[in-house]
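Colleague: this one's sequence-less:
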């Protein structure tokens, strides 16, 4: 612990117990803790003695579909445990490519979406280059960029733009150092979609200047009637030259299997392959065979049934929070999050979240985990628990609000 504290002071060096020195890279001190993990760990500690409602973690509560598990077990029993090609099993690349109507040569299977984002950072970002991303946004994205020597530059977004970047914002933020833009649709923590026209305008501006990455790991988790001018399919339908990140974790319920994919332009595929060889060798083989089954019936019917469950939970949580005077800052169209503005409560998000978990048994994530822009007045609630727990959580939040308001 002493060594960690010294590193955060910027020295990057710590005394060991025997008088010697241990040195951390300066970047280690810049990696902030992932608050949602800390909250989850605290929730599990408290859970030893009382019931906790888990609104904090963005992980589906359903087990992996049975046919997918069977395929993974079968791969293990049949001894399919060696390395595959660095970019993945040809048959899995073909199955993913078929979902987009593209050549399989543009698909890279990755060790989760995180590995895919890391591969993109290593192959697209030069030292000192900036990458624009939304604030708020997924906090680890900036770490991938900085691990490649780049600089993550947050672009403040709010409910007035549905928590998405606009072409005007991109043009205003772009500088000589900017290499590209990273978007997410649906987004974490807000569940918002980027508009089709807005994405087209951003892509047109960036086309001759750099790259566009679109995180689509929640693409299959979209709900309700989306207006025609909103992007409901892949970003590739707007611009075939963008880089797309996909995942088997969320809709497909395979978080622990660590399997995802990239779709990249033809010209970038060789570089992605070289980086994958060196950084990961290959994605986990049994997981790839399981992922193949995830794209087939009967697994697809299981996934779609569960999407319907998420949609019903979304309605219960949105309505319940609104009844408590905590409406969504922007009604989410996708993913499984509600981002709530608590500014009117007169208390900051971290303080309120601390009170919720310690005194009321409700775990939620403060906006400070996702950036700096108005972060202290927002909280993310994940509807990755059943409806009974959602209703219990709402009852406990109501009690917390009554005590807060005297």
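Modeller: Happy to help now that I have it. Because the structure is predicted, anything quoted here is derived from the model rather than measured.

Colleague: How many residues are close by residue 242?
Modeller: When neighbours are defined as other CB atoms under 10 Å, residue 242 has 25 of them. To be clear about C-beta, it is placed using only N, CA and C from the backbone, and glycine gets the same treatment.

Colleague: which residues touch it?
Modeller: By CB atoms under 8 Å, 6 or more residues apart in numbering, residue 242 lies in contact with 203, 211, 212, 213, 214, 235, 236.

Colleague: Spatially nearest residue to the fifth one (excluding sequence neighbours)?
Modeller: Of all residues not flanking residue 214 in the chain, residue 235 sits nearest, at 4.0 Å (CB to CB, 6 or more residues apart in numbering).

Colleague: cool, the second one as well?
Modeller: Spatial nearest neighbour of residue 211, chain neighbours left out: residue 180 (3.7 Å); criterion: CB to CB, 6+ apart.

Colleague: Make sure the one you found is indeed in a helix.
Modeller: No: checked against DSSP: H, G, I helix; E, B strand; the rest coil, residue 180 lies outside a helix; its state is strand.

Colleague: gap between it and residue 202?
Modeller: Computed as CB to CB, to the nearest Å, the residue 180 to residue 202 distance reads 11 Å.

Colleague: Of these two, give the one with the bigger neighbour count.
Modeller: residue 202 (29 against 23).

Colleague: helix, strand or coil for the more buried one?
Modeller: Residue 202 falls in the helix class when you classify it by three-state DSSP.

Colleague: my guess is it contacts residue 212, does it?
Modeller: Yes: taking CB atoms under 8 Å as the definition, residue 202 is a contact partner of residue 212 at 6.6 Å.

Colleague: where do the contact lists of these two overlap?
Modeller: In contact with both residue 202 and residue 212: 181, 183, using CB under 8 Å, 6+ apart.

Colleague: Can you point out the buried residues in stretch 97-108?
Modeller: By neighbour count on 16 or more other CB atoms under 10 Å, the buried set for stretch 97-108 is 97, 100, 102, 104, 106, 107, 108.

Colleague: Can you tell me how far the third one is from residue 267?
Modeller: Right, the one you point to is residue 102. As judged by CB to CB, residue 102 and residue 267 stand 14 Å apart.

Colleague: one step back: closest one of the contacts of residue 242 to residue 388?
Modeller: residue 214 (35.6 Å; CB to CB).

Colleague: In strands, which of the buried residues of stretch 97-108 appear?
Modeller: With strands defined by DSSP state E, the entries of the buried residues of stretch 97-108 inside them are 107, 108.

Colleague: any chance of the buried residues of stretch 97-108 in TSV, plus distance to residue 244?
Modeller: Shown next, in TSV, are these (distance: CB to CB, whole Å):
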residue	distance to residue 244
97	12
100	8
102	10
104	14
106	9
107	10
108	11
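
Colleague: anything in contact with each of residue 180 and residue 202?
Modeller: Contact criterion CB under 8 Å, 6+ apart; residues shared by residue 180 and residue 202: residue 212.

Colleague: can you map out the helices along the protein?
Modeller: 2-8, 26-30, 35-46, 66-77, 90-100, 112-124, 140-147, 167-173, 196-206, 269-280, 285-294, 299-323, 349-360, 387-404 (DSSP state H).

Colleague: Least reliable of those by average pLDDT, please.
Modeller: Per-stretch mean pLDDT for those is lowest at helix 2-8 (a mean of 32).

Colleague: Residue 220: how many residues sit nearby?
Modeller: Counted with other CB under 10 Å, residues neighbouring residue 220 total 18.

Colleague: What is the neighbour count of residue 72?
Modeller: 24.

Colleague: one step back: what residues are bridge-paired with the residue nearest to residue 211?
Modeller: Under the criterion DSSP bridges, residue 180 forms beta bridges with residue 131, residue 211.

Colleague: quick one: contacts for it?
Modeller: Residues in contact with residue 180 (CB under 8 Å, 6+ apart) are 124, 125, 131, 132, 206, 210, 211, 212, 213.

Colleague: So which of the residues you listed is the closest to residue 138?
Modeller: Nearest to residue 138 among those, with distances taken as CB to CB, is residue 213, at 11.9 Å.

Colleague: quick one: that closest one and residue 179 touch, right?
Modeller: No: the pair residue 213 / residue 179 is not scored as a contact, 10.5 Å apart, by CB under 8 Å.

Colleague: Can you pick out the residue with more neighbours from the two?
Modeller: residue 213 (25 against 19).

Colleague: what about the more buried one, distance to residue 292?
Modeller: In terms of CB to CB, residue 213 sits 26 Å off from residue 292.

Colleague: cool, residue 219 as well?
Modeller: For residue 219 relative to residue 292 (CB to CB), the value is 19 Å.

Colleague: same thing with residue 260?
Modeller: Taking CB to CB, one finds residue 260 at 14 Å from residue 292.

Colleague: ditto for residue 91
Modeller: To residue 292, residue 91 is 6 Å away according to CB to CB.

Colleague: More neighbours: which of the two?
Modeller: For residue 91 versus residue 292, the count of surrounding residues by other CB under 10 Å is larger for residue 292: 20 against 12.

Colleague: List the contacts of the more buried one.
Modeller: Shown in contact with residue 292 (CB under 8 Å, 6+ apart): 71, 89, 91, 92, 95.

Colleague: Got a quick PyMOL command for the buried subset of the residues you listed?
Modeller: In PyMOL, selecting the buried portion of the contacts of residue 292, with burial taken from 16+ other CB under 10 Å, looks like this:
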select buried, resi 71+89+92+95
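
Colleague: May I see the contacts of residue 292 arranged in CSV, with distance to residue 242 as well?
Modeller: Shown next, in CSV, are the contacts of residue 292 (distance: CB to CB, whole Å):
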residue, distance to residue 242
71, 31
89, 24
91, 25
92, 22
95, 21
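
Colleague: Looking at the contacts of residue 292, spot the one nearest residue 309.
Modeller: residue 71 (22.9 Å).

Colleague: For the closest one, which non-adjacent residue is spatially closest?
Modeller: Excluding the flanking residues, the one nearest residue 71 by CB to CB, 6+ apart is residue 293, at 3.6 Å.

Colleague: count of neighbours near that neighbour?
Modeller: 23.

Colleague: go on, residue 387?
Modeller: Neighbour tally, residue 387, other CB under 10 Å: 14.

Colleague: All good on my end, thank you.
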